[in-house]
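> fold the following for me, if possible:
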Amino acid sequence: MEPRIQYAKTSDGVSIAYCSAGEGRAVVRVPTIPWSHVQREWQDFSYFLPMKSLAGSCRIAWYDARGCGLSDREPIEFSLDAMVRDLSAVLDKLGEECFALCGVWDGAPVAIAYAAAHPERVSSLILIEAYSKGADYLETAAGQVELGIRDKDWVLYTEMLARLLWGFGDPVLGVKAAEYMRACATPEALRAAYDSVNTWDVTEVLALVTTPTLVLHSQKNPWLPITVGQRVAASLPDSRFALLDDMTYESLPDLIAGFLELPAPKRVGKALPSGTAIIFFADIADSTGLTERLGDAAFRAKARELDGALRIAIREHGGTPVEGKLLGDGVLAVFTSAREAIEAALACGRAGASAGLPLHLGIHAGDVIRERDPDGRDNVYGGAVNIASRIAGLSAAGEVLVSETVRSLARTSAGVGFEDRGEQALKGVGEPVRVWVVAEEANPQTDKPANQGGG
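Residues are numbered from 1 along each chain as shown. As a prediction, the model looks like this:
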């Protein structure tokens, strides 16, 4: 059920949109300005998924600062005092005596300022990609590049920022995230926000924060070096610091739940099916050779980053990544639509190519059995899963192969063509399986038989 949008009135008369979900201990997220939209975040934006996951373990609340999202768009004021007034109004309306604050990016200085002023109300503090001075952000190379195009083209600017900020290797996902950003704020609000943020400085306030604090910082953050987050953590009297592998933030729910001693969060997404499903496999091509060329550490770092991008692409196209362990460097996902599975496979192929880690990609449809692994993560099993894996193994790097079953389901709806690769013997499968390669440039209404260029 989608949470109800409510409004809180600040001391200076501004209406602030907020939502809450779940029950139990209150965790309030302080937004990044101007990139917040309480409705769109919950509905369809993957950046918010880690917070949604916590809704099964506690009561989460989130809001739009003034000038952003569904809050009052006028006046456009982003002083630190104004941001604290917005937060105070939401906290008062929620009616909680004590709560945990989670400040993300620009929300971190706001959370720090509030926690220093109201230690009796803030039980815990979580700071993600935190900084104490706005200048820390603007002094980086990424900040200078962003500044250079900020006022030139609003669409180009948001698309560039979306890809950098969330690390999308897939341009389709980048465009979708950029559309979200344009729904959050106007160009005028953006300029006002960054002009104000440049003046923020809570360096002297850090020593006054007595609240237990968890500081989380991504190793891949192009704007805020690790040292920025480390300085924040070192200046807080009671803090712990942890690095995140990338900016997909998939590990956030578990880290936050552990710090707050909450029940283990449930992963957000559709439940894995038992019964008929579309099964998608993606596996890094020649991972052994790539490891030899790149070295173990570099390959594992690139593979982890790609894994996050693939799972985002899968979710954005309606699929559910399987969290259970797999052999090798693969990702397994299930879909209810053959068309969406093909779209996701093509997006994953582009992400792999962009990362320099080409993928084997295969799709099959059939019955699966849902089971929970000993470590508590959901997984799917069955002969159809094995066939999907074998089909992926047959594909050339970057090529999407599908079974005859999938081709039949998606032939008129997927907007792609299919080239016949004929019947193939699959290891461990009794009968040959006919496979087809997805051809994006082909006439969607024409399938090429094997003797006309199908290989």
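> longest strand of this structure?
For the chain, the strand with the greatest residue count under DSSP state E is strand 359-372.
> adjacent strands (with direction) for the very next helix or strand once past it?
Moving toward the C-terminus from strand 359-372, the next helix or strand (DSSP states H and E) is strand 378-381. Here strand 378-381 is paired, per DSSP bridges, with strand 359-372 (antiparallel).
> send the alpha carbons of the strand it pairs with over as PDB?
Below are the C-alpha coordinates for strand 359-372, written out as PDB (Å, rounded to 0.1, in the frame of the first residue of the first chain):
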ATOM      1  CA  LEU A 359      28.200 -10.900 -20.100                       C
ATOM      2  CA  HIS A 360      26.700 -14.200 -21.200                       C
ATOM      3  CA  LEU A 361      22.900 -13.700 -21.200                       C
ATOM      4  CA  GLY A 362      20.200 -16.300 -21.300                       C
ATOM      5  CA  ILE A 363      16.500 -16.500 -20.800                       C
ATOM      6  CA  HIS A 364      14.100 -19.500 -20.400                       C
ATOM      7  CA  ALA A 365      10.600 -20.000 -19.100                       C
ATOM      8  CA  GLY A 366       9.300 -22.900 -17.000                       C
ATOM      9  CA  ASP A 367       8.400 -24.000 -13.600                       C
ATOM     10  CA  VAL A 368      10.500 -23.100 -10.600                       C
ATOM     11  CA  ILE A 369      10.500 -24.100  -6.900                       C
ATOM     12  CA  ARG A 370      11.000 -21.400  -4.300                       C
ATOM     13  CA  GLU A 371      13.100 -22.400  -1.300                       C
ATOM     14  CA  ARG A 372      15.000 -20.600   1.400                       C
END
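> any idea what Leu243 is bridged to?
His217.
> contacts only, for it.
216-219, 226 (C-beta atoms under 8 Å, 6 or more residues apart in numbering). (C-beta placed from N, C-alpha, C; glycine too.)
> of those, buried ones?
216-218 (16 or more other C-beta atoms under 10 Å).
> got the buried residues for the longest strand of the chain?
Quick answer for strand 359-372 (16+ other C-beta under 10 Å): 359-366, 368, 370.
> any idea which of these is closest to Arg300?
Leu359 (16.4 Å; C-beta to C-beta).
> got the contact list for that closest one?
Leu359 touches 282-285, 348-349, 352, 397-398, counting by C-beta under 8 Å, 6+ apart.
> redo the buried residues of strand 359-372 as CSV? Include pLDDT.
Shown next, in CSV, are the buried residues of strand 359-372 (pLDDT from 0 to 100):
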residue, pLDDT
Leu359, 94
His360, 94
Leu361, 95
Gly362, 94
Ile363, 95
His364, 94
Ala365, 91
Gly366, 88
Val368, 83
Arg370, 77
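> in a markdown table: these, plus distance to Gly69.
Converted to a markdown table, the buried residues of strand 359-372 look like this (distance: C-beta to C-beta, whole Å):
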| residue | distance to Gly69 |
| --- | --- |
| Leu359 | 36 |
| His360 | 41 |
| Leu361 | 37 |
| Gly362 | 40 |
| Ile363 | 37 |
| His364 | 41 |
| Ala365 | 40 |
| Gly366 | 43 |
| Val368 | 39 |
| Arg370 | 37 |
